[in-house]
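A.B. asks: Prediction below, plus the sequence it came from.
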Amino acid sequence: MTRAPMSTPDPKAPMPRQIPFIIASEGCERFSFYGMRNILTPFLLTTLLVFLPTEAARKAEAKAVFHSFVIGVYFFPLLGGWLADRFFGKFNTILAFSLIYCAGHACLAIFEDSVTGFYTGLFLIALGAGGIKPLVASFVGDQFDSKTKHLAKRVFDAFYWIINFGSFFASLLMPLFLVSFGPSIAFGIPGALMGIATLVLWLGRKMYVIVPVSPNNPDSFMRVVRTALTTKDPTAGNLGTWIALLGVILAVGSFALWYFNLLDIVPVMCLAVVLVIAFGGVGTAMQLERARGLHPDVAIEGVRAVLRILIVFALVTPFHSLFDQKASEWVVQGGNMALPGWTFDPTGRTAFQPAQMQLFNPMLVMLLIPFNNMVLYPALRKMGFEPTTLRKMTAGILFSGLAWIAVASLQVYMDETGDKLSILWQILPYFLLTLGEVLVSATGLEFAYSQAPPSMKGVIMSFWNLTTAVGSLWVLLVDAGIRNQSVMSQIKNTGLSQTAFLMFFFAGFAFLATFVFWLYAKRYRVVDNYRGGEGTPPPATTGGGKIPQAIARGR
């Protein structure tokens, strides 16, 4: 059968008029989220956890609470993506979870002196932010088709730029507000911004492209997986089924970590889901052909595509384990460094705060994204090197490891000399980490959307967000592992402090992940799953070679 030609991009196509509503809403929501996240560790250390007997205990608990919260934020996308794909659609799901999000902010502002009330607020924010997180980026992608998808590259860049615009001002202002006006005002301002974000999104409701859901799809991802795992083949055995079952058993057994107080319940839930996904994915891949004939070929190939994408996602998790510690481990290190004499407070009443160093991250993102797109990538192409998505992501993981070598070197110097370095030395690791972020996260948003089969975009985006949760899970598992006295004695024998050792450990973790990611990227076949005009299958190319020009940029 002859295929109809694919629609080509229309260079004269206008930008969809609903895009500004989504971008403006995202900017407010990101200020809201990063505003509260960037003051969470300082608030826990100085206010909520002051009842703990020692500074070391407060730091350990603050780090555990922070990364448990991050895990929740990036774990609940699984719920949001599933509800959107199966029942309510992206817009309705985003709107509903945004209201939960607002309620969480209200709890933080009201219950500043109550551990239970404050943690309830963190839970509601994790649920609300997590519920919308996989959907906003894919909702942006839904507004484009095969004729306008060349504009989507610019919008995804703008989307990531506005995220960092909100993060920059949140990092600049919120630590000052916390010190100058107290927790109620400091946590109330992000709540007000989240209310504005919800209102702006609602105002554009009549202009959005709404992709219909398929609640009773007999060939959904989970149904194909179930067929593959439950269909018996007397000639080949059922090893894949047993591997998937082993994942379930290990997931149930992981709750022992919570029972013995080694991990909190949220990280354990995340670990359980990861075990089910990992072992279930391996088992499904081994027996996927058993679904052939019981489901259409397109559904089977869709599942195969998802499994391939999940391997890429798994290899990105070490990057997130390094990246999110800038808001915990790096802030703690900054508190032990010499602060500059100047301040961003125009009244001069509030000194520079260690948490404000995080403003260099979004500031550098806003500079690096246009620099990369207008200078670096064109220069590389002129030299005959195509900066594909997977090549960028490989380099990004590598740069994150270099950032931790830099920050660990600062720690070693202070440990050995007893001198307090200026906190401004952290600008170097912030630059390296941000370069890694732009190469991994900014490109990964579009990668996740473009690689997802049309019926599974919400779920795929939720899996992409799960990589961040797993990154924080790695942090908590490592922290739990070093509590063992024999491990601590081995660290002491290295001559490094525990903090410096862990920094070098995570750098090595990133370098190993870089090598494995590079090996897999050479074999990965990139596809183009944007909404097409004729519904024809997209072309595929290898991850290391050239990709279609329409999807080359922004990867």
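C.D. replies: Yep, it's here.

A.B. asks: what's the neighbour count on the residue nearest to Val50 when sequence neighbours are not counted?
C.D. replies: Distances taken as CB to CB, 6 or more residues apart in numbering place Arg58 nearest to Val50, at 7.3 Å, with adjacent residues excluded. Using the backbone N, CA and C atoms, a C-beta is placed for each residue, glycine as well. Neighbours of Arg58 under the rule other CB atoms under 10 Å: 18.

A.B. asks: again with Phe51
C.D. replies: 8.

A.B. asks: Then Asp479?
C.D. replies: Asp479 has 15 neighbours, counted by other CB under 10 Å.

A.B. asks: Can you check what pLDDT the model gives it?
C.D. replies: For Asp479, the pLDDT comes out at 83.

A.B. asks: list the contacts for the closest residue to Phe111 other than its chain neighbours?
C.D. replies: Among residues not flanking Phe111 along the chain, Gly117 sits closest, at 2.6 Å (CB to CB, 6+ apart). Applying CB atoms under 8 Å, 6 or more residues apart in numbering to Gly117 gives the contacts Cys107, Ile110, Phe111.

A.B. asks: Look up how far Gly302 lies from the second one.
C.D. replies: It refers to Ile110. Remark: distance between Ile110 and Gly302 (CB to CB, to the nearest Å) = 46 Å.

A.B. asks: cool, and the last one?
C.D. replies: In this structure, Phe111 and Gly302 are separated by 45 Å, where distance is defined by CB to CB.

A.B. asks: The two: who's more crowded?
C.D. replies: Comparing Phe111 with Gly302 by other CB under 10 Å, the one with more neighbours is Gly302, at 22 against 19.

A.B. asks: Wait, the more buried one touches Phe221, no?
C.D. replies: Yes: between Gly302 and Phe221 there is a contact at 7.0 Å, judged by CB atoms under 8 Å.

A.B. asks: Measure how buried Phe69 is and give me the count.
C.D. replies: 21.

A.B. asks: wait, isn't it in contact with Ala126?
C.D. replies: Yes: with contacts counted by CB under 8 Å, Phe69 reaches Ala126, the gap being 5.9 Å.

A.B. asks: Show me the shaky parts of the chain.
C.D. replies: 1-11, 146, 149, 153, 214-215, 347, 445, 455-459, 528-555 (pLDDT under 70).

A.B. asks: Start from the N-terminal end of the stretch 201-350 of the chain and give the helices.
C.D. replies: With DSSP state H, counting those that start in this stretch, the ranges of helices along the stretch 201-350 of the chain come out as 221-230, 239-253, 256-259, 265-287, 297-323, 329-335.

A.B. asks: Residues contacting the shortest one, please?
C.D. replies: Helix 256-259 is contacted from outside by Leu263, Asp264, Ile265, Val268, Leu271, Ala480, using CB under 8 Å, 6+ apart.

A.B. asks: so the fifth one sits right up against Leu263, yeah?
C.D. replies: Yes: contact status for Leu271 versus Leu263: in contact at 7.4 Å, counting by CB under 8 Å.

A.B. asks: Between the two, which contacts overlap?
C.D. replies: When contacts are counted by CB under 8 Å, 6+ apart, Leu271 and Leu263 have Leu257, Leu477 as shared neighbours.

A.B. asks: among the helices of the stretch 201-350 of the chain, which is nearest Thr417?
C.D. replies: helix 329-335 (15.0 Å; CB to CB).

A.B. asks: ok, and the most crowded of the contacts of helix 256-259?
C.D. replies: Leu263 (25 neighbours).

A.B. asks: helix or strand for the residue nearest to Ala355 when sequence neighbours are not counted, which one?
C.D. replies: Using CB to CB, 6+ apart and skipping residues adjacent in sequence, the residue nearest Ala355 is Pro175, 4.4 Å away. In the assignment (DSSP states H and E), Pro175 maps to helix 149-181.

A.B. asks: which of the residues in that helix are buried?
C.D. replies: 149-153, 155-179 (16 or more other CB atoms under 10 Å).

A.B. asks: Check stretch 491-499 too.
C.D. replies: Residues Ile491, Leu496, Ser497, Thr499 are the ones in stretch 491-499 that count as buried (16+ other CB under 10 Å).

A.B. asks: got it, and stretch 225-236?
C.D. replies: Val225, Thr227, Ala228, Leu229, Thr231.

A.B. asks: next one: stretch 48-55
C.D. replies: Neighbour counts over stretch 48-55 (16+ other CB under 10 Å) mark Leu48, Leu49, Leu52 as buried.

A.B. asks: mind listing what the last one touches?
C.D. replies: When contacts are counted by CB under 8 Å, 6+ apart, Leu52 touches Arg58, Glu61.

A.B. asks: what about it, distance to Ala60?
C.D. replies: Using CB to CB, Leu52 is found at 9 Å from Ala60.

A.B. asks: which stretches of the chain form strands?
C.D. replies: 525-527, 540-542 (DSSP state E).

A.B. asks: So what's the residue count around the residue lying closest to Leu271 once chain neighbours are set aside?
C.D. replies: Closest residue to Leu271 apart from its sequence neighbours, by CB to CB, 6+ apart: Ser254 at 4.9 Å. Counted with other CB under 10 Å, the neighbours of Ser254 add up to 19.

A.B. asks: correct me, but Ser254 touches Ile265?
C.D. replies: No: in this structure, Ser254 is not within contact of Ile265 by CB under 8 Å, at 11.0 Å.

A.B. asks: quick one: common contacting residues for the two?
C.D. replies: Among the neighbours of Ser254, none is also in contact with Ile265 (CB under 8 Å, 6+ apart).

A.B. asks: Now do the contacts for Leu288.
C.D. replies: Counting by CB under 8 Å, 6+ apart, Leu288 makes contact with Val224, Ala228, Ile300, Val303, Arg304, Leu307.

A.B. asks: Mind giving me the PyMOL command for buried ones among those residues?
C.D. replies: Here is the PyMOL selection string for the buried members of the contacts of Leu288, based on 16+ other CB under 10 Å:
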select buried, resi 224+228+300+303+304+307
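
A.B. asks: any chance of the contacts of Leu288 in a markdown table, with distance to Ala24 too?
C.D. replies: Formatted as a markdown table, those follow (distance: CB to CB, whole Å):
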| residue | distance to Ala24 |
| --- | --- |
| Val224 | 39 |
| Ala228 | 43 |
| Ile300 | 41 |
| Val303 | 37 |
| Arg304 | 38 |
| Leu307 | 37 |
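
A.B. asks: do you know how far the residue nearest to Phe111 is from Ile39?
C.D. replies: 17 Å.

A.B. asks: Look up how far Arg30 lies from Phe501.
C.D. replies: 34 Å.

A.B. asks: what does Met222 give?
C.D. replies: 32 Å.

A.B. asks: These two: which has the busier surroundings?
C.D. replies: More crowded of Met222 and Arg30, by other CB under 10 Å: Arg30, with 25 against 12.

A.B. asks: Quick check: closest non-adjacent residue to that one.
C.D. replies: Leaving out its chain neighbours, the residue that sits closest to Arg30 by CB to CB, 6+ apart is Gly166, at 3.5 Å.

A.B. asks: for Ala62, same thing?
C.D. replies: Leu44 (4.0 Å).

A.B. asks: Now do the same contact list for the one you found.
C.D. replies: Shown in contact with Leu44 (CB under 8 Å, 6+ apart): Arg58, Glu61, Ala62, Val65, Phe66.
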